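**Q** My questions are about this predicted structure, shown below with the sequence.
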Amino acid sequence: MVGSLMASDLKQRTKEFALATVRLVERLPRGRAADVIGRQLLRSGTSVAANYRSARRARSRREFIAKMGIVEEETDESSFWLDLLVEAGLVPPGKVTGLRNEASELVAITVSSIRTARGAGRDVPRSAFRVRR
């Protein structure tokens with residue numbers, strides 16, 4: 001029951017992250033840089049929820065881990081685009097603080113889920129992505 005409750009909470013959180021991203025992009029100033037960054041943010045921010053939904057329907061542990069890796073990657077990419085919007089002076093930092101914090105939390109939750117799915121007995125790099133040695 002607890003795992004199911006957490007999964008539905010994460011499903012809702014990723015969807016809300018996607019919706020907040022859509023709303024932010026809709027309010028961006030018009031201009032070439034804002035349009036390009038906004039398009040990238042819109043793609044990655046909405047992908048978080050879509051890929052999490054797909055991960056929940058995974059047919060195997062291996063497929064789940066792979067799809068959650070995509071969730072991690074897209075969430076981290078969204079964080080990058082949010083940082084870029086602020087650093088380029090296109091939005092004030094306060095407008096994206098909530099989204100930036102949520103992106104950080106979602107990455108942490110995703111990495112934790114991947115580690116759990118892989119099993120506690122194995123070494124797992126900081127990122128869930130494979131690191132070649």
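**A** Arrived safely, thanks for sending. Bear in mind the structure is a predicted one, so any value in this text is a computation, not a measurement.

**Q** which stretches of this structure form helices?
**A** 2-26, 32-56, 61-87, 93-118 (DSSP state H).

**Q** what's the last one packed up against?
**A** So that's helix 93-118. The contact analysis (3 or more C-beta pairs under 8 Å, 6 or more residues apart in numbering; DSSP states H and E) places helix 93-118 against helix 2-26, helix 61-87. Backbone N, C-alpha and C define where each C-beta goes, glycine included.

**Q** Grab the most central residue of this structure for me.
**A** Closest to where the C-alpha atoms of the chain average out (C-alpha atoms, centre = their mean) is Thr75, at 2.1 Å.

**Q** one step back: take the helices of the chain and lay them out in CSV including mean pLDDT.
**A** Formatted as CSV, those follow (pLDDT from 0 to 100):
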stretch, mean pLDDT
helix 2-26, 86
helix 32-56, 97
helix 61-87, 97
helix 93-118, 96
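
**Q** hmm, back to that, how about CSV for the helices and strands packed on helix 93-118, with distance to Ser113 added?
**A** Below are the helices and strands packed on helix 93-118 laid out as CSV (distance: least, C-beta to C-beta, whole Å):
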stretch, distance to Ser113
helix 2-26, 8
helix 61-87, 6
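
**Q** Please consider this matter closed, and thank you.
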